[in-house]
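Chemist: need coordinates for the below:
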Amino acid sequence: MAVTLQPIPVGPANAELVTGFISRCRSAGLDFCPSDPTTAEPYSLFFYHTPKTGGMRFIMPIAFAIESLAFSEGNELRSQLLESSLAPFPICSHSRGNQNFESALAWQGSFFYSDHQLPYGSHQELGRQPNSPKVKTATILRNPADRLNSALKYIWRISGKDISAVKTAINSRHPHIDNPITRIFSGRLDSTVLLQDSDADAALIALQEIDDCMHQENYSPVRRLQQDFVSKNRLPNLIIPSLINKTPTTPSRDDLNEMELLIGNTDCNQWDAMVYDRLIQEKPIDHEPSSFSINSLHPLTFLMISETQEDGGTFISPKSKLVLTIDLLLNKVVLPIASLEIGLALGA
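Modeler: So this is what the prediction gives:
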């Protein structure tokens, strides 16, 4: 018998059911991102992804949820959703690369675009098709010292734990290292030219213009934007592993000391620190707690599962799937347990 897909009201009658479910998610190491389809008002989102800021934790759940609706042919729940009045607005997920950027330019519905290759200002070319939804921009900041430390460990790991590769990366101004804010959101502008005050000014202006300039130190604004985007575009609720990315191994104390010396002997963090400090003075970190005060829940939920690879990294499991929200609330769908060993929080 076909299931009638319609929003699940949230109120006093089922408050205990919903809060109990959220509690089960937290106990399993999962975050619940609710979607309230009754607030539908589609918009497109261009996310500037600076490496090592926890951006993948924001990008991946939304992108995979969109893809699960676009490509899961034969899925009964997807078919019922597309046939219902709750069918999502025409929406597509685009990611880095010129080919995808060109396809985004031609897209007439809502889109979710994430990139760490296009410079700031690229979003101004999007959303110009007739009747296209408005385009919002977002990025995530991270304390420069923490971000650089994470970038160096990442380079060390992917180079086979070779400290000399870290030295080379610093000397060659690797894109993960070069600043300010990795040359305006990792557009990879000409890093052979030494940085100067005008670069810092340009980065600060760009950060001030971004619609949602969020901060990794407090992830609540990131969660709120995820919730807003899936709600306004009538996408399913999201269940996200609290930890996604993994740094499988930690450098030895000798290698860590070497990295600290390398950082101290270069200017590779001074520029970003200057931009960051100026921005924080003008636009303090948002410490408002995340809120789940919504009118209804989407009848479907995308359950995102991450698994560990042989090398210790993580990937999105094919076990990720669309499920009925009511089955989750009634505990008819078993939640996966997200082990704390699977990853380090927020792109560390």
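Chemist: alpha carbons only for contacts and neighbour counts from here, please
Modeler: Noted.
Chemist: pull out the buried positions in stretch 106-121.
Modeler: 107-120 (16 or more other C-alpha atoms under 10 Å).
Chemist: got the phi/psi numbers for residue 178?
Modeler: Residue 178 has phi and psi values of phi -60, psi 140 when expressed as degrees, to the nearest 10.
Chemist: could you do the one 3 residues further on as well?
Modeler: For residue 181, the backbone dihedrals (degrees, to the nearest 10) come out as phi 30, psi 60.
Chemist: identify the residue nearest it in space, chain neighbours excluded?
Modeler: residue 272 (5.6 Å; C-alpha to C-alpha, 6 or more residues apart in numbering).
Chemist: endpoints of stretch 120-136, how far apart?
Modeler: End-to-end distance for stretch 120-136, by C-alpha to C-alpha, to the nearest Å: 13 Å.
Chemist: buried stuff in that stretch?
Modeler: By 16+ other C-alpha under 10 Å, the buried positions in stretch 120-136 come out as 120, 123, 126, 127, 132, 133, 135, 136.
Chemist: which residues touch residue 232?
Modeler: 36, 37, 39, 40, 41, 42, 43 (C-alpha atoms under 8 Å, 6 or more residues apart in numbering).
Chemist: try 6 Å this time
Modeler: 39, 40, 41, 42 (C-alpha atoms under 6 Å, 6 or more residues apart in numbering).
Chemist: hmm, which of the buried residues of stretch 120-136 is lowest in pLDDT?
Modeler: Among the buried residues of stretch 120-136, residue 127 has the lowest pLDDT, at 75.
Chemist: any idea how far residue 255 is from that one?
Modeler: From residue 127 to residue 255 the distance is 47 Å (C-alpha to C-alpha).
Chemist: state the helix or strand in which the most centrally placed residue in the chain lies.
Modeler: Note on the chain: the residue nearest the mean C-alpha position is residue 58, at 1.6 Å, using C-alpha atoms, centre = their mean. According to DSSP states H and E, residue 58 maps onto helix 55-71.
Chemist: just the buried positions in the helix or strand that that helix is followed by, please.
Modeler: Next helix or strand after helix 55-71 toward the C-terminus (DSSP H and E): helix 76-83. For helix 76-83, the neighbour count (16+ other C-alpha under 10 Å) marks 77, 78, 80, 81 as buried.
Chemist: how about stretch 161-178?
Modeler: 161, 163, 165-167, 169-170, 173-178.
Chemist: likewise for stretch 214-225?
Modeler: Neighbour-count burial for stretch 214-225, counted by 16+ other C-alpha under 10 Å, picks out 214, 215, 216, 218, 219, 220, 221, 222, 223, 224, 225.
Chemist: circling back: hmm, residue 180 and the residue nearest to residue 181 touching each other?
Modeler: Yes - using C-alpha atoms under 6 Å, residue 272 is in contact with residue 180, at 4.6 Å.
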